[in-house]
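Asks: Give me a 3D structure for the following:
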Amino acid sequence: MANLLKLCSPCFVIRRGIAGTGSLLSPTATTRIMLKHFISGRCDSNRDTDHMSGIQRFNPTILLSVMLVACGCSNEPLDDRSLSALQEESSVAGTPEQENRQPTFITTSLTADNQGEPQKHKPFFEKVDVLFPGLGDTLSQAPVPRWKRDQRAVGHIYYSTGEPKSAIIHLEGMTRQEVQALAKIPVEIDFTQTRYHESDGFGIHLPGLLVTARGTVIAVCQKRHHSMADSGHPIDVMISRSQDDGRTWQRQEVIFQEQGISAFLGPIFEDRTTGTVFVAFWKMPEGVVDDLGYFSEYAQQGGGFWLVKSTDEGQNWSDPFYVRPQPNDDGWVAWTNNCVHGIQLVSEPFAGRLVLPAFLYKEGEPGQVSGIRGGLLYSDDNGMSWRAGAVLPEGSDEVNLVETTDGGIYATYRKNTLRTGKRHFARSADGGASFHRHGQHEDVRCRNLHAGLARFSSTRDGKENILLFSNPPGGSPAKNMTVRLSRDEGVTWPISRVIEPNPCRYSDLAVTPDGTILCLYTNGKTGDREKISVARFNLEWLQNAEEGNESEN
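Replies: Predicted coordinates for the structure are as follows:
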């Protein structure tokens, strides 16, 4: 390790040994670059993608390659004693709330002990950034971002491609004393085993979220090149994975890309009988630019969709394969609806059935696009063949669903026409083949946007029946991402809490084995699709909200 000198300014010492990861440094070079400190989501730049997630989310596996060295001390990793000494030297006063906090830098940043662990029966909430736009045009008419993200220090350490002497550590959730202490520490990072996100301009949209039976968390989204329009340009499918309940995330990677193709992302889902994870999508030539016309053109092709699958928790993915669902008894053809996740039924007589949100088409039916509705499709053979199922009323579009404890399916959906400003729902009692009840929730306001829906717990497992729902409730622009709670299988939604006051749009929900609630959603500082983040919180935090506390904006 290099012998570090005490400098007047904070600095990085970066040692790198891989060629082809950028022009900042030559292979095996060592240099010092200036460090910028960003505190609690604030930064000195207007770039959309510069406000990233906090340093306290360091992955503990990188401890051997990321060494914090106290100035003037021996070349040993920073420990509690040396950090305490630095904190005692700090004369920066924090707010009363900050001053009363116990120092948490070591336990939350450098060790695996209690790193971001939810404390049982004690409310907790945190936000972690997961998926990011690429270099180049941000697609939101904002200045071009110039920051790259390190693979293992996920979301925390960035170096600038435009300012070779600059780097970022974003210090979200730290006391000012901890910030001052860190500012006195040169940081040496060995990048010989890392890579960087290097892509030309692209944006991200349509988040989907899955927690597998083994507990792996997989986030999926669209990678939209050159434009944020729904069609008319290349669109890929991209994922990121987490092995620690969403605290840290691995490098985002493309799992489907085809020259000249726009991939319209469908649900992510798991067949838990085989442990196979699927991501669904349908595709059109990028030259089809009409935001509504692509539906009718695709429907005329007879529907159908593509799947990629993974048998190792999302580490590797198959080549895509095409499936054409059998039409239902009324002649509706089907393909997958947008993003979120599908479900697998557990109640007899349909146990094991996979059910997905769907677009359905029947010539001559009324709708915003003639013949197109929202609905369901299902598979009884582990996802190999599919059948069109229940059809929603005119104007229906994006759908999410959950199995109810009586063996039924509860679906909520967006309406593009015949809007009322309320969330609409339907219920099925035959495994998704048809709907027997329709209505709207007078207590759930919504824009015509997609939403998230998931089960937290069930009496089948000896616990309380709790469903969760997420959406930005209303207003323009969309903001105030809100999570709601129902204890009566989606009949009423009396408890709600805002998790994101800033611009936001689409979301999805999942629950980890330890009961941590995850809400994956698009959001940003000035736009609603600058990045995709996950809010992590527990039931106690959500239940701390007073009934009906939803923001009116």
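Asks: Tabulate the CA atom coordinates of stretch 523-541 in PDB.
Replies: The C-alpha trace of stretch 523-541 is given here as PDB (Å, rounded to 0.1, in the frame of the first residue of the first chain):
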ATOM      1  CA  ASN A 523     -37.900   8.800  -9.600                       C
ATOM      2  CA  GLY A 524     -35.600  11.900  -9.900                       C
ATOM      3  CA  LYS A 525     -34.800  15.300  -8.800                       C
ATOM      4  CA  THR A 526     -36.500  17.200 -11.600                       C
ATOM      5  CA  GLY A 527     -37.900  14.300 -13.700                       C
ATOM      6  CA  ASP A 528     -39.700  11.200 -12.800                       C
ATOM      7  CA  ARG A 529     -37.400   8.700 -14.600                       C
ATOM      8  CA  GLU A 530     -33.900   9.900 -13.900                       C
ATOM      9  CA  LYS A 531     -33.100   6.600 -12.000                       C
ATOM     10  CA  ILE A 532     -34.800   3.600 -10.400                       C
ATOM     11  CA  SER A 533     -34.500   3.300  -6.600                       C
ATOM     12  CA  VAL A 534     -35.700   0.900  -4.000                       C
ATOM     13  CA  ALA A 535     -37.200   2.000  -0.700                       C
ATOM     14  CA  ARG A 536     -36.500  -0.500   2.100                       C
ATOM     15  CA  PHE A 537     -38.700  -0.300   5.200                       C
ATOM     16  CA  ASN A 538     -40.500  -2.500   7.700                       C
ATOM     17  CA  LEU A 539     -44.100  -2.900   8.600                       C
ATOM     18  CA  GLU A 540     -43.600  -0.900  11.800                       C
ATOM     19  CA  TRP A 541     -42.500   2.100   9.800                       C
END
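Asks: host element of the closest residue to G490 other than its chain neighbours?
Replies: Leaving aside its sequence neighbours, G490 sits nearest to Y410 (CB to CB, 6 or more residues apart in numbering; 4.6 Å). No exception for glycine: its C-beta is placed from N, CA and C like everyone else's. Assigned by DSSP states H and E, Y410 belongs to strand 409-415.
Asks: Would you check that the residue nearest to G490 makes contact with F425?
Replies: Yes. Using CB atoms under 8 Å, Y410 makes contact with F425 at a distance of 6.6 Å.
Asks: what residues do these two have in common as contacts?
Replies: Residues touching both Y410 and F425 by CB atoms under 8 Å, 6 or more residues apart in numbering: G490.
Asks: In this structure I466 contacts V483, no?
Replies: No. If you go by CB under 8 Å, I466 and V483 don't touch, sitting 11.7 Å apart.
Asks: Comparing those two, which shows the higher neighbour count?
Replies: V483 (25 against 21; other CB atoms under 10 Å).
Asks: Just the angle for the host helix or strand of the more buried one relative to strand 409-415, thanks.
Replies: Using DSSP H and E, V483 sits in strand 479-486. With axes from the mean of the first three to the mean of the last three CA atoms, to 10 degrees as the basis, strand 479-486 and strand 409-415 are set at 160 degrees to each other.
Asks: Start the count at 779 instead of 1 going forward.
Replies: From this message on, residue numbering opens at 779, which makes the last subject strand 1257-1264.
Asks: With just CA atoms, put strand 1257-1264 into PDB.
Replies: Only the C-alpha atoms of strand 1257-1264 are listed here, as PDB (Å, rounded to 0.1, in the frame of the first residue of the first chain):
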ATOM      1  CA  LYS A1257     -44.900  12.800  -7.200                       C
ATOM      2  CA  ASN A1258     -45.400  11.600  -3.700                       C
ATOM      3  CA  MET A1259     -45.000   7.800  -4.200                       C
ATOM      4  CA  THR A1260     -47.300   6.300  -1.600                       C
ATOM      5  CA  VAL A1261     -47.400   2.800  -0.100                       C
ATOM      6  CA  ARG A1262     -50.800   1.700   1.200                       C
ATOM      7  CA  LEU A1263     -51.800  -1.200   3.500                       C
ATOM      8  CA  SER A1264     -55.000  -3.300   3.500                       C
END
